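Peer 1: Return atomic coordinates for the entry below.
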Amino acid sequence: MPTMTLSPDSVSDERTSIVNASKSRSSAAVDLAEREAGLSTSAEAGPAMTEDDTVCVLAVLAEMQRIIDRHLEKTGQTQPKS
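Peer 2: The predicted structure follows:
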């Protein structure tokens, strides 16, 4: 069975190679994840809101404002003007 002798320099070089390979794999993984995130974000955005969507959002906002106004009336506070 052959015996292999390692010098401290060869061990250090091997560690450096392993670290560099690990960094490049991590970098590639991050790049891929960023690309996939960009693709999924653009795919989810889809078409703009429809008129029905806008009406629903406005109705929810109006109801929220009514709830806030009732709360302020009950607590005797006034809503700050913006």
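Peer 1: now the chain, which segments are flagged as low pLDDT?
Peer 2: Where the chain drops to pLDDT under 70, the residues are 1-26, 39-46, 78-82.
Peer 1: show me where it has helices.
Peer 2: 8-45, 51-75 (DSSP state H).
Peer 1: distance of residue 33 from residue 27?
Peer 2: 11 Å (C-beta to C-beta, to the nearest Å). Every residue, glycine included, has its C-beta placed from N, CA and C.
Peer 1: What of residue 38?
Peer 2: 17 Å.
Peer 1: Same question for residue 65.
Peer 2: Applying C-beta to C-beta to residue 65 and residue 27 gives a distance of 48 Å.
Peer 1: Need phi/psi at residue 50.
Peer 2: When read as degrees, to the nearest 10, the backbone of residue 50 gives phi -80, psi 170.
Peer 1: Enumerate every residue touching it.
Peer 2: Residue 50 sits next to no residue when contact means C-beta atoms under 8 Å, 6 or more residues apart in numbering.
Peer 1: all numbers from here: first residue = 837
Peer 2: Got it, the first residue is 837 from now on, which makes the last one we talked about residue 886.
Peer 1: How many neighbouring residues does residue 867 have?
Peer 2: 10 (other C-beta atoms under 10 Å).
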